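Engineer: Just a sequence and a predicted model for now, questions to come.
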Amino acid sequence: MDKYESIKLNKEFRYLYAKGKSFVSPSVVVYVKQNRLQHNRLGITSGKKIGKAVKRNRARRLIRVAFRSLQDKLDAHYDMIIVARTRCVYADSNEVTKDLKNCFIQAGILQDEIYH
């Protein structure tokens, strides 16, 4: 899975929050819903509760790095929103990757993964 598209429209975020299935970990919350496209779509959010702009941008950057390390193993045809939680700012890249991986395993969209 090489390609993904960004979700940017507010109505698409609201639709995924309402209709998508959510999976929670200490540093991120992932909303997943199947789409009819040939590729995945990704939206990343970090609210003001996390902190000021520097912290929110750091959280989004960590999530982006974690997602890129896992995107080759993901099934296609999914819309995903990843919401940064407060702990994401203070976590390192490996922790965020592990949490994201666990959410994707719970969602059943990670291919060829040996479960524990």
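Structural biologist: Received it, and whenever you're ready, just let me know what you need.

Engineer: What segments of the chain are helices?
Structural biologist: For the chain, helices defined by DSSP state H occupy the ranges 10-19, 53-70, 86-90, 93-107.

Engineer: where does Leu74 sit relative to Ile82, distance-wise?
Structural biologist: 12 Å (CB to CB, to the nearest Å). To be clear about C-beta, it is placed using only N, CA and C from the backbone, and glycine gets the same treatment.

Engineer: Could you list the low-confidence segments of the protein?
Structural biologist: Residue ranges of the chain with pLDDT under 70: 1-2, 112-116.

Engineer: so the residue nearest the centre of it bridges to which residues?
Structural biologist: Compute the mean C-alpha point of the chain, and by CA atoms, centre = their mean the closest residue is Ile82, 3.2 Å away. Beta-bridge partners recorded for Ile82 (DSSP bridges): Val30, Ile44.

Engineer: That one reaches Val30, doesn't it?
Structural biologist: Yes: using CB atoms under 8 Å, Ile82 is in contact with Val30, at 5.4 Å.

Engineer: for stretch 39-54, which positions count as buried?
Structural biologist: Of the residues in stretch 39-54, 40-46, 50 count as buried by neighbour count, 16 or more other CB atoms under 10 Å.
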